[in-house]
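**Q** The following block contains a protein sequence and its predicted model.
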Amino acid sequence: QKDDSQRLLEGFTSDDKGHSLTRSKAESYTSKEEMVSEEDESPLNSNITAFALKAKVIYPINQKFRPLADGSSNPSLHESPKQAALPNQVMETSPSGSLGSLSQGDKEDCSSSTTIHSSASDDRFQARTFLKVTCFPEVLTCESFDVKLCLCSLLLKDLMLLDTELRREKHVIFIQVLKIYLTDFYHKKKITDDLFKKILLIQENDFEELQKQLDSRIQNTEMSGARNSEYQTLEDLERKEREYSEHIIDNMEAFWKQADKAQQFLLDQSKCSSAKASKITMDLTERMIAVEGLLSESQDLRAMDIQERLFNWELMVKAVDSLKSYIPEECKCRLNTVSNILDHLTVKNNLSVRQKEELLTDLHKAFWEQLAHFSNECAQQSKDLILKQLEYRAKKREEFKHRQKAEQGSLLSKTFQTKEFHDFLKAYQELLERHRQIRWDLEEDDDWESAEAVTDLYKDLHSKASHTLAELVKELFLHALPAVTGLSVRECELLKEEWQENLVPQLEKLDTYHQRRWKLFQEQLLLEKELWLKEYALSAVIQKHLSETQEKMIQGVVSRVGGLSDESVNYILQKHKLLLCSVLRRVTLRSLGMATLTHMRMSRKKGLLQELREQHVLQKSSSHCHDEDQWQLLKAVESHILEEEEKLEEETQQTHLEFHQQLVNEIQEALHFLQQHMEQVIGQTLLQRARQGAAEKNSADEPDLKERLVETAVESVYGTHNNINRLVQNYYQQLGKITESYEGKKLQQLKSLQAERGERSRLKKKQENEQTLKEQLNKGLLDISSVVHQRMVLQQQKIVAQFELQQQIRLESLKQKILGLQQLQSELEHQLQEAEQDFVTELATLARVPLAMKKQLLKRSKPTG
């Protein structure tokens, strides 16, 4: 009769009731084929056997090298690596529900087994549903193995809430700035009280409507593609994040337009002078830049806090999960010790194999059924506890929200003068930061309380399981065993004491194993923190690059426009800085969101590789006396891990590039909106400048003196019809000569510029031919010493350099053309003024106007430039 007692653990742990411990509700939303493949990829009972299978090697494992003495028979070198999965095995909280996906099955089973880098597995993972959670305590009751995805989705949700808070804060501050200026106008009696209230109400309604439109679009995005309200897929989450970013960029452009509209409406109603309006516009822009700076600082600090909270969540989840996994492992360890004692009795012929199997069967069945019952009770108690805490949490949050709204309303209802803006901004910012910190502390306290409460429940489950097993073992040794073997009660008591003594080193080994796993988890968490620091550094580099590029671009545009005063140039630069601050804040949040999505997409592979790495470290440190085969296999596994790490790094970089390209597209869209808005700003500034110049010129013409001169000449008896006609004809002839001379000089100058530009183009073409000939001579050396990528880069640099040179030549030609035309125009105006002055002087002399008027005309006609 074959001794197959070591399989009893595997056989009886597959009980249907135990299977309910880890069956996730999310599996009901997966296809049948997916469920079959997940069963093929379920974790193996033996940690080291799984370790060997993951490493794609098979080797004999001695009992003394196992971290857990589960009594499994040693697999042969020629045995099939396939092993039935344990349906009720408590899964490790990992980004994936399958350890076996690392193993590569036989050829006939290659359709259902996958490796870390299987594209089919990636597609399935993208479409896999995971629980949609709204806060961290819900994750503690999540039976899904995709806890990592749930936590990252909470991080994205917190980033979105932060973005919403800061956007509303900016709207409120802008309305408050308008209120400050309106108050100043009201005190100076430039507007009435009714107009004051009307303007403020209109602007508040406009910005509120802007927010409603955004909320409606976001709500439509949330509802689209939602097959089930409780679950979501990573693909849906990426789509929602992308659409949300598009909505925010559109809302940002709409806010710019609304802000400019409100600003112009304010100036129109106040009826200020152009100088006063320019000063108000400049002051408003500078103050909003200060607001953007504070918002950006607050956003960076809160984003880092959100990221740090994710690590705390992972620690709490890992602690609870470790306790969950420790309970069945310790029970298996206790049962294995009982099995070893019964094996010893079988060897002594005190117990037959059949009797031993029957005793173990009864013991296992009774215990696992009772443990399943306790576990189901514990899971239900955890859910009830979390629901009760969430209700209390919602109540506290509602009370805090009312108190927060009252405090903000009290501050905003105060009246501030224009010079007190910075005092208001400081007070309002401090109030909001204090509210955020209070809410943050409350949420963290609730998270810790929930985690501790769930931990206490599982500690109680551990106590119940240990007590139940102890009672069953006592029943076995003191009642069942004496009746079957004929041993005395005293001998059975000694066997029970032996069981307890043999159990101590096994439990110590189990504790050591879990402590090592916890340490490895902490080390992995530190590595993830370093990766996030690199993401922050990359985001800072992107911001700096965009800022420098845009600053250089707008300065170049302003320098090419010309004809603007220093105040106008400063306003354009400050306006561009304000809009760019909004874009950069959005880019920062979006880059963090994309880094999170990258982390989520690679979480399954990272989790599998991390578990393989953990198993390798634990197996390597489990004993100091490995034989030659063990060392060879450990080296093979280590080589396999390095290979998988390289593949994972390559795929991670590819995913980064994919999201980075998406980020670049969104940045280009935002910068396109910024460019369009700045074109309008520059156009309005030029238009205002032209109107001011025209107004100054009209005021300087003094038409009253000319009208008086005409009246005097008509009434004068000295000016005859022939004399005046002769003066007018001479004046027209002189104007014709001046105009003809101007057109000739203009045509000559344009021809000269065209010839000069042609000469430059000829010289440039000659230089290009010489450079091409030189490159052809060096082509052989270039082909030998350079790779394809380097040649492509050199070609790109050459094209860019040629384009920049052509653009520089064209700009210099245009500048020379503009300077020449401006000089000709200035000369023309001077000649026309001299001709007009001569005509007026002759007319005044002919009409014999009074001496005082003649002096005024001569003084006015004196050239000014």
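**A** Great, that's in hand.

**Q** so where do the helices sit in the stretch 551-700 of the chain?
**A** 566-601, 603-621, 628-701 (DSSP state H, counting those that start in this stretch).

**Q** Which among these is found nearest to residue 321?
**A** Comparison of these against residue 321 by C-beta to C-beta identifies helix 603-621 as nearest, at 12.6 Å. C-beta coordinates here come from the backbone N, C-alpha and C atoms, glycine included.

**Q** what ranges do the strands span in this structure?
**A** 129-131, 231-233 (DSSP state E).

**Q** Any chance of a markdown table for those, columns mean pLDDT?
**A** Below are the strands of the chain laid out as a markdown table (pLDDT from 0 to 100):
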| stretch | mean pLDDT |
| --- | --- |
| strand 129-131 | 82 |
| strand 231-233 | 85 |
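
**Q** Need the winner for burial among those.
**A** Comparing the strands of the chain by mean neighbour count (mean count of other C-beta atoms under 10 Å), strand 129-131 comes out on top with a mean of 23.

**Q** Any idea how many residues pack against the closest residue to residue 267 other than its chain neighbours?
**A** Nearest residue to residue 267 in three dimensions, chain neighbours excluded: residue 277, at 4.7 Å (C-beta to C-beta, 6 or more residues apart in numbering). Neighbourhood size, residue 277 [other C-beta atoms under 10 Å]: 18.

**Q** For residue 149, see how far away residue 658 is.
**A** Counting by C-beta to C-beta, to the nearest Å, the gap from residue 658 to residue 149 is 18 Å.

**Q** out of the two, which sits in the more crowded spot?
**A** residue 149 (27 against 14).

**Q** didn't that one look like it was pressed against residue 129?
**A** No: counting by C-beta atoms under 8 Å, residue 149 stays clear of residue 129, with 9.9 Å between them.

**Q** Can you show me the CA trace of stretch 289-307 as CSV?
**A** What follows is stretch 289-307 as a C-alpha-only set of coordinates in CSV (Å, rounded to 0.1, in the frame of the first residue of the first chain):
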residue,chain,number,x,y,z
ILE,A,289,1.4,85.6,-11.1
ALA,A,290,1.9,85.6,-7.3
VAL,A,291,-1.2,83.5,-6.9
GLU,A,292,0.0,81.0,-9.4
GLY,A,293,3.3,80.8,-7.6
LEU,A,294,1.6,80.0,-4.3
LEU,A,295,-0.7,77.4,-6.0
SER,A,296,2.3,75.8,-7.6
GLU,A,297,4.1,75.5,-4.3
SER,A,298,1.1,74.1,-2.6
GLN,A,299,0.6,71.6,-5.4
ASP,A,300,4.1,70.3,-5.2
LEU,A,301,4.0,69.8,-1.5
ARG,A,302,0.6,68.1,-1.5
ALA,A,303,1.6,65.9,-4.5
MET,A,304,4.6,64.6,-2.5
ASP,A,305,2.4,64.0,0.5
ILE,A,306,0.0,62.0,-1.6
GLN,A,307,2.8,59.9,-2.9
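
**Q** tell me the mean pLDDT for that stretch?
**A** Mean pLDDT, stretch 289-307: 93.

**Q** How about residues contacting that stretch?
**A** With contacts defined as C-beta atoms under 8 Å, 6 or more residues apart in numbering, stretch 289-307 is touched by 155, 158-159, 162-163, 166, 169-170, 173-174, 422, 425, 429, 432-433, 436, 440, 532, 536, 574, 577-578, 581-582, 584-585, 588-589, 592.

**Q** which ones are touching residue 737?
**A** Residue 737 makes no contacts at all, as judged by C-beta under 8 Å, 6+ apart.

**Q** Next, find the distance separating residue 840 from residue 742.
**A** Note on residue 840: its distance to residue 742, by C-beta to C-beta, is 21 Å.

**Q** When these two are compared, which one has more neighbours?
**A** residue 840 (20 against 16).

**Q** My guess is the more buried one contacts residue 709. True?
**A** Yes: contact criterion C-beta under 8 Å: residue 840 and residue 709 qualify, at 6.9 Å.

**Q** The stretch 251-400 of the chain: helices as residue ranges?
**A** With DSSP H, counting those that start in this stretch as the criterion, the stretch 251-400 of the chain has helices spanning 274-347, 353-412.

**Q** Now the last one: average pLDDT?
**A** Mean pLDDT, taken over the full extent of helix 353-412, equals 90.

**Q** name the helices or strands packed onto that helix?
**A** Packed against helix 353-412 by the contact rule (3 or more C-beta pairs under 8 Å, 6 or more residues apart in numbering; DSSP states H and E) you find helix 8-12, helix 16-19, helix 136-140, helix 274-347, helix 421-475, helix 481-485.

**Q** and the angle from that helix to helix 274-347?
**A** 170 degrees (axes from the mean of the first three to the mean of the last three C-alpha atoms, to 10 degrees).

**Q** and residue 201, how far is that from residue 257?
**A** Residue 201 is 20 Å from residue 257, by C-beta to C-beta.

**Q** Which one of those two is surrounded by more residues?
**A** More neighbours surround residue 257 than the other of residue 201 and residue 257, with 13 against 10 (other C-beta under 10 Å).

**Q** which residues of the stretch 501-650 of the chain score low on pLDDT?
**A** For the stretch 501-650 of the chain, applying pLDDT under 70 flags the ranges 622-626.

**Q** try 80
**A** Within the stretch 501-650 of the chain, the segments meeting pLDDT under 80 span 561-564, 616, 618-630.

**Q** re earlier: indicate which one of the helices of the stretch 251-400 of the chain is closest to residue 693.
**A** In terms of C-beta to C-beta, the element of the helices of the stretch 251-400 of the chain nearest to residue 693 is helix 274-347, at 11.5 Å.

**Q** so how far is that closest one from its chain's centroid?
**A** 15 Å (C-alpha atoms, centre = their mean, to the nearest Å).

**Q** Give me the angle between it and helix 566-601.
**A** In terms of direction (the same axes, to 10 degrees), helix 274-347 departs from helix 566-601 by 10 degrees.

**Q** Give the burial count for residue 598, as a bare number.
**A** Other residues lying near residue 598 total 19 when counted by other C-beta under 10 Å.

**Q** Quick one, grab the pLDDT at the nearest residue to it once chain neighbours are set aside.
**A** Nearest non-adjacent residue to residue 598, counting by C-beta to C-beta, 6+ apart: residue 655, 5.1 Å away. Listed pLDDT for residue 655 reads 89.
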